[in-house]
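*Asks:* I would like to see how this sequence folds:
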Amino acid sequence: MDYINIFIRSIFIDNMVFAYFFGMCSYLAVSKTVNTSFGLGLAVTFVLSITVPVNYLLNDYVLSEGALVWLDNLLGVQEPLFAEFDLSFLSFIMFIAVIASMVQLVEMIVEKFAPALYSQLGIFLPLIAVNCAILGGSLFMQEREYANLGEATVFGVGSGIGWLLAIVGIAAIREKIQYSDIPAPLRGLGITFIVTGLMGVAFMSFMGIQL
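*Replies:* Numbering: from 1, shown residues only. So this is what the prediction gives:
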């Protein structure tokens with residue numbers, strides 16, 4: 001039940017775009033067509049699904065206070081030595097290093113198997129490494145102190161799907177409103193911001209879900 005709760009909340013209630021406005025730069029820039037948005041959304045989902053559980057293990061067994069107790073046990077040290085270390089101040093740089101590595105992997109895979117999508121995404125594919133939604137997923141995982149790797153993984157997958165849902169949704173709307181009579185000052189990003197705000201209000205209705 002906890003897994004379902006975390007999964008549903010991360011998609012609809014704690015949506016990275018509509019609840020926290022994370023990843024807005026690529027959300028606004030790439031969401032001109034559904035195909036391109038879907039490709040980027042899949043890439044973000046993949047990166048979140050990998051980096052959140054990896055960073056959970058990194059935080060739980062290396063960075064947090066007392067996390068290195070396993071090293072004392074491995075070395076057979078009688079008095080606490082490594083267990084007293086608190087490396088949590090390295091969280092940001094270590095999380096970003098893991099994210100950058102995964103983004104590089106995704107970039108190589110997309111370039112190899114989907115060159116057309118790679119060309120369409122352009123600079124925004126490598127910029128996933130500095131997408132605040134990706135780092136936000138790991139920081140939320142750390143802040144909420146999930147009980148195990150399974151919960152962290154479900155949260156990462158759900159957050160990615162939520163971001164995918166948001167960017168594909170706005171892309172579909174933007175494709176349709178191209179044929180609408182929109183006042184000139186609101187065309188482009190103006191109407192996109194308005195629609196995003198309305199979608200955020202709509203997603204607030206999911207806060208009433210009791211799981």
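*Asks:* who's in contact with the nearest residue to residue 95 once chain neighbours are set aside?
*Replies:* Ranked by CB to CB, 6 or more residues apart in numbering and with sequence neighbours excluded, the top spatial neighbour of residue 95 is residue 138, at 4.6 Å. C-betas here are computed from N, CA, C, even on glycine. Contact analysis of residue 138 by CB atoms under 8 Å, 6 or more residues apart in numbering lists 51-52, 55, 95, 98-99.
*Asks:* Okay, and residue 138 sits in which element?
*Replies:* helix 132-144 (DSSP states H and E).
*Asks:* Distance check, the residue nearest to residue 95 against residue 189.
*Replies:* Look at residue 138 and residue 189: by CB to CB, to the nearest Å, they are 29 Å apart.
*Asks:* Could you do residue 22 as well?
*Replies:* According to CB to CB, residue 22 and residue 189 sit 18 Å apart.
*Asks:* between these two, who's got more neighbours?
*Replies:* For residue 22 and residue 189, the more surrounded residue by other CB atoms under 10 Å is residue 22, and the numbers stand at 21 against 11.
*Asks:* Could you double-check that the more buried one lies in contact with residue 139?
*Replies:* No: checked against CB atoms under 8 Å, the pair residue 22 and residue 139 is beyond contact range at 10.1 Å.
*Asks:* longest helix of this structure?
*Replies:* helix 149-177 (DSSP state H).
*Asks:* Point out the other helices and strands that that helix packs with.
*Replies:* helix 2-8, helix 24-30, helix 34-58, helix 132-144, helix 189-204 (3 or more CB pairs under 8 Å, 6 or more residues apart in numbering; DSSP states H and E).
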